[in-house]
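In: Provided below are the primary sequence and the corresponding predicted coordinates.
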Amino acid sequence: MALYEHVFLARQDLAQAQVDTLAETATKIIEDNQGKVVKTETWGLRSLAYRIAKNRKAHYVMLEFDAPGEAVAELERQTQINEDVIRYMTIRVDGHENGPSVMMRKGERDRERRRDRDDRGERPRREETN
């Protein structure tokens, strides 16, 4: 079996509970086809670079799993016909990351910087032009 990452974008008007249900459905599809989900991350509601199907934002979810090719084909088939999913991408990887993904670490790093700046009472500096 091979290692994969599957990221999908769900419509912005869905509740978080509905997004979690979509992730559980994807997990069930993988497990029903002799696969194993290693990690599920919800990246939250984020802005899109451009509008997709009248959506300016989307809920991002990533699954890391180990499964045969048939499981990936079935997962993509089911994802494609789901009206709540506006985009998806599945890629084969050599290995899974240990710990949180880069997207999760970036959010934590940004929160720490804001907290440090607020604790010192500083404001972001602007470059002066002459």
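Out: That came in fine, so what should we check first? Since the structure is predicted, the reported quantities are computational estimates derived from the model, not experimental observations.
In: quick one: which helix or strand includes residue 73?
Out: Per DSSP states H and E: residue 73 is located in helix 69-81.
In: List the first helix or strand encountered after that helix toward the C-terminus.
Out: Next element after helix 69-81 (DSSP H and E): strand 85-93.
In: ok, that next one: who's next to it in the sheet?
Out: strand 2-11 (antiparallel) (DSSP bridges).
In: Helix 69-81 and the strand it pairs with, what's the angle between them?
Out: 10 degrees (axes from the mean of the first three to the mean of the last three C-alpha atoms, to 10 degrees).
In: Which positions in strand 2-11 come out as buried?
Out: Burial within strand 2-11, assessed by neighbour count using 16 or more other C-beta atoms under 10 Å, is assigned to 4-11. C-beta coordinates here come from the backbone N, C-alpha and C atoms, glycine included.
In: Switch the residues you listed over to CSV; also include pLDDT and distance to residue 58.
Out: Listed next are the buried residues of strand 2-11 as CSV, based on pLDDT from 0 to 100; distance: C-beta to C-beta, whole Å:
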residue, pLDDT, distance to residue 58
4, 94, 21
5, 93, 17
6, 95, 15
7, 95, 11
8, 96, 9
9, 95, 4
10, 95, 6
11, 94, 7
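In: Quick check: of those residues, which lies closest to residue 91?
Out: residue 5 (5.5 Å; C-beta to C-beta).
In: Tell me who's in contact with that closest one.
Out: 62-64, 90-91, 93, 96 (C-beta atoms under 8 Å, 6 or more residues apart in numbering).
In: are any of those buried, and which?
Out: 62-64, 90.
In: Where does the prediction get shaky in the chain?
Out: Scanning the chain for pLDDT under 70 picks out 99, 105-111, 119-130.
In: show me where this structure has strands.
Out: Ranges of strands in the chain, per DSSP state E, are 2-11, 36-52, 55-67, 85-93.
In: Could you dump those strands into TSV and include distance to residue 103?
Out: Shown next, in TSV, are the strands of the chain (distance: least, C-beta to C-beta, whole Å):
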stretch	distance to residue 103
strand 2-11	9
strand 36-52	5
strand 55-67	8
strand 85-93	14
